[in-house]
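> sequence plus the predicted model coming up.
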Amino acid sequence: MNNYAYIIASLPALQQEDKRTDNFSARDLIDEIRSQLSAQDEAVLDLLLEGCDPGKLDAEFYQKALKHGNRFIREWFRFDLDLRNTVVYYLNDSLGRPEEQDMVLLEGRETEEFFELDAAKAVLNGGDILKREQGLDDLRWQKIDDMTMLDSLDLEILLGYVLKVKIIDRWMQLNPESGRALFRKLVEDIRSTYDNKKQNLTI
């Protein structure tokens with residue numbers, strides 16, 4: 001079994017005491033995690049990263065992810081699918097296109113509720129494009145926190161960390177100042193998570 005507590009404690013972000021972000025590299029951070037995972041957990045990580053590639057997010061991918069044995073994978077891609085479909089629906093409505101054009105609709109999910117729908121709509125109704133993108137990533141960040149709130153020092157914490165690293169990487173390219181701010185937040189979140197959950201384990 002992986003020593004998740006050790007992996008989390010050794011995450012590069014936790015070693016950057018001065019919180020410098022000049023040398024941020026999503027690939028290096030993720031590779032550092034990958035190098036310490038078992039083959040089984042590495043396969044879960046690979047699926048998560050596959051889902052970060054928009055070109056692979058088709059019905060077949062989501063069907064596989066929503067049936068996956070890992071709870072984090074199932075919940076994250078259920079949220080991801082619903083959020084992406086909401087964004088596409090908004091764009092279709094704005095452009096006067098058929099409402100379901102380019103949406104990924106899976107049979108059997110017609111009655112499933114998207115709990116973040118109202119929050120997503122509020123973000124999408126904003127006028128500033130960059131603020132909308134930031135708002136959507138804020139929803140993603142919060143979802144990761146919600147999904148890992150009750151987890152111990154386990155694989156799910158690491159998967160959430162990887163997703164946040166991917167969000168930061170995107171903002172380093174879109175708006176470096178926002179990217180650096182998110183990286184500082186990630187460092188604080190990981191430290192707090194590690195300290196709190198480790199304390200709970202010793203009680």
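Okay, I see it.
> lowest-scoring secondary structure element of the chain by mean pLDDT?
Taking mean pLDDT, DSSP states H and E as the measure, the helix or strand of the chain with the lowest value is helix 12-15, at a mean of 50.
> that one: what's the following helix or strand?
Note on helix 12-15: by DSSP states H and E, the next helix or strand toward the C-terminus is helix 26-34.
> start to end distance for stretch 54-63?
Criterion CA to CA, to the nearest Å; first-to-last residue distance in stretch 54-63 is 15 Å.
> now do the helices in the protein.
Counting by DSSP state H, the chain has helices at residues 4-9, 12-15, 26-34, 39-50, 59-66, 71-95, 117-124, 129-148, 155-174, 176-202.
> rank those by pLDDT, which is bottom?
For those, mean pLDDT drops lowest on helix 12-15, to a mean of 50.
> pick the most buried one from the helices of the chain.
helix 155-174 (a mean of 21; mean count of other CB atoms under 10 Å). Any C-beta I mention is one placed from the backbone N, CA and C, and that applies to glycine too.
> so for this structure, the centremost residue is which one?
Residue closest to the average C-alpha location in the chain (CA atoms, centre = their mean): Leu163, at 3.4 Å.
> so that residue touches Arg140, yeah?
Yes: with contact defined as CB atoms under 8 Å, Leu163 and Arg140 form a contacting pair (7.2 Å).
> measure the residue nearest to the centre of the chain to Arg97 for me?
30 Å (CB to CB, to the nearest Å).
> so the closest residue in space to Asp138 that isn't next to it in sequence versus Gln142, what's the distance?
Excluding the flanking residues, the one nearest Asp138 by CB to CB, 6 or more residues apart in numbering is Val123, at 7.8 Å. As judged by CB to CB, Val123 and Gln142 stand 12 Å apart.
> same check on Leu106?
According to CB to CB, Leu106 stands 24 Å off from Gln142.
> sorry, back to before: residue contacts, the residue nearest to Asp138?
Arg132, Gly135, Leu136, Asp138, Leu139 (CB atoms under 8 Å, 6 or more residues apart in numbering).
> grab the nearest non-local neighbour of the second one.
Taking CB to CB, 6+ apart as the measure, Gly135 lies nearest to Val123, with 3.4 Å between them; neighbours along the chain are not counted.
> ok so, going back, got JSON lines for the contacts of Val123, with distance to Ile33 too?
Formatted as JSON lines, these follow (distance: CB to CB, whole Å):
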{"residue": "Arg132", "distance to Ile33": "30"}
{"residue": "Gly135", "distance to Ile33": "28"}
{"residue": "Leu136", "distance to Ile33": "25"}
{"residue": "Asp138", "distance to Ile33": "24"}
{"residue": "Leu139", "distance to Ile33": "24"}
